[in-house]
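Enquirer: Predicted model and sequence follow; I will ask about them next.
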Amino acid sequence: MADEKEKTQRRVYVLPVELVERITAFQQDMGLQSEVEAARKLLDEALKRRDDWRAITRRFQEKLKETRMLTDIAGEVLVGHPLVEGINFASDSITFKLTTGETVTVNKDGTTFAIDDYQNPIELDPKPSRSSPRQLDDEIPF
């Protein structure tokens, strides 16, 4: 219980009455125990829609620090995610395809491999380009 408490923060938000009514209606429609649970689910769903393949992959890698059970992590991070359209399980890796076109493989050791729509490899943490326009201007001798 104390561990769960450390992973949460209490916040107070002032919301328009109409929005609160919509949250309450969602709570009742879904059979949720509280408005707080309904608000959490709605916020989580909305924020997931802002994710990209890098955010999802990093979340997966973070969970790998807690457990090596790939299927458990997939259940928590990938299943039901609005951008995930397919998941393939292997003994030591999971591959998931996103509606945005990327296909990502995460290995049990946390290493990843990703490709775009055109089968080009893409990096999780791309290196910054070696020269910026400012550096090129500094090299002009006049």
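Expert: Everything's here; your move. Residues are numbered from 1 along each chain as shown.
Enquirer: for the most centrally placed residue in the chain, phi and psi?
Expert: What sits nearest the mean C-alpha location of the chain, by Cα atoms, centre = their mean, is residue 56, with 3.0 Å. Main-chain torsions, residue 56, degrees, to the nearest 10: phi -70, psi -40.
Enquirer: now do the one 3 residues further on
Expert: Per-residue torsions, residue 59: phi -60, psi -40 (degrees, to the nearest 10).
Enquirer: now it: how far from residue 19?
Expert: 27 Å (Cβ to Cβ, to the nearest Å). Placement of C-beta: from N, CA and C, glycine included.
Enquirer: burial count for residue 73?
Expert: Residue 73 has 21 neighbouring residues, counting by other Cβ atoms under 10 Å.
Enquirer: before we move on, the earlier item: more neighbours: which of residue 59 and residue 19?
Expert: Between residue 59 and residue 19, residue 59 has the larger neighbour count (other Cβ under 10 Å), namely 17 against 12.
Enquirer: Test for you: state the pLDDT assigned to that one.
Expert: As predicted, residue 59 sits at a pLDDT of 95.
Enquirer: From residue 115, how far out is it?
Expert: Residue 59 sits at a distance of 19 Å from residue 115 (criterion: Cβ to Cβ).
Enquirer: Find the nearest non-adjacent residue to residue 113, please.
Expert: residue 105 (4.7 Å; Cβ to Cβ, 6 or more residues apart in numbering).
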